[in-house]
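**Q** predicted model, plus sequence, below.
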Amino acid sequence: MTSARVDHGVTSGTFSLDGETFDVDNNVWVVGDDAECIVIDAPHDVDGILELVAGRRVRAIVCTHAHDDHVRVAPALREAVTAPILLHPDDRPLWELTHTDELWDVDLHDGQRIEVADTTLQVLHTPGHAPGAVCLYAPDLGCVFTGDTLFQGGPGATGRSFSDREVLESSIRARLFELPEDTIVHTGHGDDTTIGAERAALGR
């Protein structure tokens, strides 16, 4: 039985791409125990994220993708908690739209294992919403963190630059729908769902 847990918060701000800006609410996920944790995505508000961290040692800031509403405060959070930023290198073009003069610290790659507390998260490269989008599967916790790859009600958006609907649906079917049906899906925006519910909705 793992002692790791998932803490959840919501921060509000904007998402901008292709010359348009929208108001958005982003989920913030923190995985760990009472001593240490990792932060998944860094949207909008450092103080809001630090409330979830609650003084614990942050081992890493893991970005599911580099849209500005997921990485805007990553460098400021890195400075606040002294932890590396992890991002898949295929998302460099998107990262550079927001951060022109600084990079992340560690490249993510498919199959990578991120250990925190007494649990492990497995990196699944799931391009489509963004070229370097990843999901983080935590089998001990029975959940997967999908960023904007999969939501309650279906795949993430693909109507903007650097996205591709066919690639996204292929990623979801090949990588996420192979997970157990009762796996809880913790999304980048909105409510949780399960792999089984979304497999039934999208179809094999």
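**A** Thanks, I have it. Numbers count the residues shown, from 1 in each chain.
**Q** in the chain, where is pLDDT below threshold?
**A** 204 (pLDDT under 70).
**Q** of all residues in it, which one is nearest the centre?
**A** For the chain, Thr64 is the residue whose C-alpha lies nearest the centre (Cα atoms, centre = their mean; 3.2 Å).
**Q** wait, what's in contact with that residue?
**A** 40-41, 70, 133-136, 145-149, 188 (Cβ atoms under 8 Å, 6 or more residues apart in numbering). C-betas here are computed from N, CA, C, even on glycine.
**Q** run the last query once more with 10 Å
**A** 29, 40-41, 70-71, 87-88, 91, 108, 123, 126, 129-130, 132-136, 145-149, 187-188 (Cβ atoms under 10 Å, 6 or more residues apart in numbering).
**Q** buried ones among those residues?
**A** Neighbour counting with 16 or more other Cβ atoms under 10 Å marks 29, 40-41, 70-71, 87-88, 91, 108, 123, 126, 129-130, 132-136, 145-149, 187-188 as buried within the contacts of Thr64.
**Q** from the residues you listed, which land in helices?
**A** Among those, DSSP state H puts His70, Val71 in helices.
**Q** out of the buried ones among the contacts of Thr64, name the ones that lie in strands.
**A** Trp29, Ile40, Leu87, Val123, Val134, Cys135, Leu136, Phe145, Thr146, Gly147, Thr187 (DSSP state E).
**Q** dump those residues to CSV, plus distance to Ala80.
**A** Below are those laid out as CSV (distance: Cβ to Cβ, whole Å):
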residue, distance to Ala80
Trp29, 18
Ile40, 16
Leu87, 18
Val123, 24
Val134, 23
Cys135, 26
Leu136, 22
Phe145, 21
Thr146, 26
Gly147, 22
Thr187, 25
